[in-house]
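> quick one, fold the following:
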Amino acid sequence: MGIDKNTLIGFGLIGALLVGMLVINNNSKATYDLEQKRINDSIAALKPKVDSNAVKLDLQKTDSLIIAKQTQGFVQDTLKAAMVSLENNVMKVTFNTRGAQPARVELKKYKKFDSTQVLLQSGNFNKISYNINSGANTTAQSENINFTVQPVVVNADKSQTISFKTRDSTGGKEIVHQYTIREGEYMMDFNILTKGENLFTGNVINLIWQIEASQIEKDHKYELTQSQIGYSEQNNYDFEHVAKEGTKTFSQPLSFIGAKQQFFIAAILAKEKFESGLVSWKIPTDSNSYIFRSTANLKLPVKAGNTSNTALQFYYGPSDYSILKRYNNKMENMVPYGSGIFSFVKYINRYFLLPVFDFLQKNIASMGIVILLLTLLIRLITSPILYKSYLSGAKMKVLKPEVDALKAKFTDKTGQLDQQAFSMEQMKLWKTAGVSPLGGCLPAVLQIPIFMSLYYFFQSNIDLRGKSFLWSNDLASYDSILKLPFAVPFYGDHVSLFTLTAVITSMLISIYSMSNMQDNSNPVMKYMPYIFPVLLLGVFNNLPSALTWYYTISNSITLILQIVIQKYVINHEKILVQINENRKKPVKKSKIAEKVEAMQESQRKLQELKNKTSKN
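Purely as a prediction, here's the structure:
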């Protein structure tokens, strides 16, 4: 149905009327807002000025009175809180006497991307707290109670213990927080000692543990992808990715729960296990803030009686497999040496790559050379597989003229290939010649576990962190030779040279392999040498430079071996002689092969019948 002239004019007038109303309303609103501002300013000028500092002090006093009312006799001076420290040769823990809890944890041997010390706990969000029955029908959170710090005690084993005490006005109830650290250890003991009846409802401590994971590495986005919440429930380790906001409920006994970043862990452990709990996590809306925040609500049973000692532990340290393995509590699983369908490769990493890597780095100063030697060793081990793959390719190449003849035989006058008949005859040719069609791809499949194990290894090994090589300042992060003024989709905002070398060597391998293929007439296959490396360019650009350096070396070695084996090791004349000898031998067929051939033969006859019917 068409629209006549009058209808168009009507629509135009209605549109003009609506626009005019919007303009008038906006002007009217602006005038109204100005008038209201003038009136409010006049009223404000008549009011007496308020001292903001006095208001702030009144609010602090009010809050203190509320806390004092809640904590009753357990609070000594709510307006004063002191900071005290306890340290060993690897970390320094600063405690707040209010709540008797860690306020700041500094790792002495590690630096952030900006060259400042790594802080695994710092800021007001972090806390450890629990609810107590402070009086008749009143409760209080331990974070609001001021404790009195006791002198540091040096124990017989050279460990150090610091205690914080608080008690009610009658002296009948007492709480002690006791922390112990040992030289060279990232694990800190935390004991909650109590005296008095009915401090905890139902003899259960409802513990709240909050931790904020601040940015440590230079790539905020990549660090988030490598961050997890790890836990051991019913003695089984599992983890949750924190890339998106989420929660996890625990209904079974829980040994530990920890916030893992790319290379560092903050965890809380219970020697008698938490009986249940819930953890939630959130991520910031911008990349200039923390990585994620985690809140765990944990239930911890307390022995009935007038006194109790609840044994906990904190771990603040690196995600180093060798260190975590010593604790014998499954925390070593927090180092992601393999997960998902490739979880089996963690055993290759733990029991082969890691020992070899540790041996090399103890004897060689340059981490880049360590990776080079590790790559050479791996390529040496896999060279027999590589040789079999190239040998199979050489056999295929010898048979190429016969395959081409078969293709011509089963191609009709219109140029249409009878693919089914051709495939059957090609399989017969390969069998009589003693060539397996899986000979080329099976060795490649067998190399996938090694490929994936190295992929996980170089992303998770903390020993690579901060190590420089050539133009890379940190082998645990991407190398950058050029910072782009904008971000390219699926690529990033920088240019990684090791990524370029890995991609170029991969492209050279693909081009060389294509030139030796038996059949490269497929137009899609012609572009594969260029498509795959371009995809790798987007994937590798943000990966650790140790990984892209490894791929560069591995690709270069593969290309050299491929050329040497195919041109100087494999004797094509001997292969042809061997194929001719294989043809003289009777071909043994398995029952499965016989069934497949029978099915193919019946399908071929059916197709021929259809072709005859269509011609008639």
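
> quick one: the helices in the stretch 451-600 of the chain, in order.
Using DSSP state H, counting those that start in this stretch, the helices of the stretch 451-600 of the chain run over 497-515, 523-540, 545-564, 572-584, 591-615.

> looks like residue 145 contacts residue 166 (just checking).
Yes. Residue 145 is in contact with residue 166 according to CB atoms under 8 Å; the separation is 5.5 Å. Placement of C-beta: from N, CA and C, glycine included.

> which one of those two has more residues nearby?
residue 145 (26 against 21; other CB atoms under 10 Å).

> for residue 165, what are its contacts?
Residue 165 sits next to 147-148, 150, 174-176 when contact means CB atoms under 8 Å, 6 or more residues apart in numbering.

> gap between residue 134 and residue 175?
From residue 134 across to residue 175, the span is 10 Å (CB to CB, to the nearest Å).

> what number of residues lie near the residue lying closest to residue 543 once chain neighbours are set aside?
Using CB to CB, 6 or more residues apart in numbering and skipping the chain neighbours, the partner closest in space to residue 543 is residue 478 (6.5 Å). By other CB under 10 Å, 25 other residues sit near residue 478.

> so who does residue 478 touch?
Under the criterion of CB under 8 Å, 6+ apart, the neighbours of residue 478 are 219, 222, 494, 496, 499, 541-545, 548.

> buried among these? Need that as a selection in ChimeraX.
Provided next is the ChimeraX selection string for whichever of these are buried by 16 or more other CB atoms under 10 Å:
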select :219,222,494,496,499,541,542,543,544,545,548
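
> low pLDDT regions in the chain?
Filtered on pLDDT under 70, the chain yields the residue ranges 1-79, 393, 429-431, 433-444, 515-529, 569-601, 603-605, 607-608, 610-616.

> please enumerate the strands of the stretch 101-250 of the chain.
Taking DSSP state E, counting those that start in this stretch to define them, one finds strands in the stretch 101-250 of the chain at 101-111, 117-122, 127-135, 138-141, 148-149, 153-154, 160-167, 174-181, 187-195, 204-213, 228-233, 236-241, 246-250.

> which residue ranges of the stretch 251-400 of the chain form helices?
321-325, 345-348, 354-363, 367-398, 400-409.

> quick one: contacts for residue 548?
By CB under 8 Å, 6+ apart, the residues touching residue 548 are 478-479, 496, 498-499, 501-502, 540.

> redo the residues you listed as JSON lines? Include distance to residue 358.
Below are the contacts of residue 548 laid out as JSON lines (distance: CB to CB, whole Å):
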{"residue": "478", "distance to residue 358": "24"}
{"residue": "479", "distance to residue 358": "24"}
{"residue": "496", "distance to residue 358": "27"}
{"residue": "498", "distance to residue 358": "23"}
{"residue": "499", "distance to residue 358": "27"}
{"residue": "501", "distance to residue 358": "27"}
{"residue": "502", "distance to residue 358": "25"}
{"residue": "540", "distance to residue 358": "26"}
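
> on that earlier part again, tabulate the contacts of residue 478 (CSV), appending distance to residue 422.
Putting these into CSV (distance: CB to CB, whole Å) gives the following:
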residue, distance to residue 422
219, 51
222, 48
494, 49
496, 45
499, 41
541, 42
542, 45
543, 42
544, 47
545, 47
548, 42
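
> name the SS class of residue 420, please.
Residue 420 falls in the helix class when you classify it by DSSP: H, G, I helix; E, B strand; the rest coil.

> can you count the residues close to it?
By the measure other CB under 10 Å, the count of residues near residue 420 is 15.

> before we move on, back to that, filter the contacts of residue 165 to the buried ones?
147, 174-176.

> now the spatially closest residue to residue 194 that is not a sequence neighbour: how far from residue 135?
Nearest non-adjacent residue to residue 194, counting by CB to CB, 6+ apart: residue 308, 5.0 Å away. Distance, residue 308 to residue 135, by CB to CB: 19 Å.

> distance of the closest residue in space to residue 504 that isn't next to it in sequence relative to residue 499?
Among residues not flanking residue 504 along the chain, residue 533 sits closest, at 7.6 Å (CB to CB, 6+ apart). Counting by CB to CB, the gap from residue 533 to residue 499 is 10 Å.

> and what of residue 256?
37 Å.

> just residue 447 next, same as before
Using CB to CB, one obtains 21 Å as the distance from residue 447 to residue 499.

> same check, this time on residue 153
Residue 153 is 54 Å from residue 499, by CB to CB.

> picking that back up, what about the helices of the stretch 251-400 of the chain, which gets the closest to residue 486?
The minimum distance between residue 486 and these falls on helix 367-398, with 30.8 Å, by CB to CB.

> go through the closest one and flag the buried ones.
Across helix 367-398, burial judged by 16+ other CB under 10 Å covers 367-368, 370-375, 378-379, 382, 386, 388-398.

> quick one: that helix to chain centroid distance?
From the chain centre to the centre of helix 367-398 is a distance of 30 Å (CA atoms, centre = their mean, to the nearest Å).

> report the angle between the axes of it and helix 354-363?
With axes from the mean of the first three to the mean of the last three CA atoms, to 10 degrees as the basis, helix 367-398 and helix 354-363 are set at 130 degrees to each other.

> for helix 367-398, packing partners?
If you count contacts as 3 or more CB pairs under 8 Å, 6 or more residues apart in numbering; DSSP states H and E, helix 367-398 packs onto helix 354-363, helix 441-446, helix 448-460, helix 545-564, helix 572-584.

> turn those helices into JSON lines, columns for distance to residue 283.
Shown next, in JSON lines, are those (distance: least, CB to CB, whole Å):
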{"stretch": "helix 354-363", "distance to residue 283": "31"}
{"stretch": "helix 441-446", "distance to residue 283": "37"}
{"stretch": "helix 448-460", "distance to residue 283": "20"}
{"stretch": "helix 545-564", "distance to residue 283": "25"}
{"stretch": "helix 572-584", "distance to residue 283": "58"}
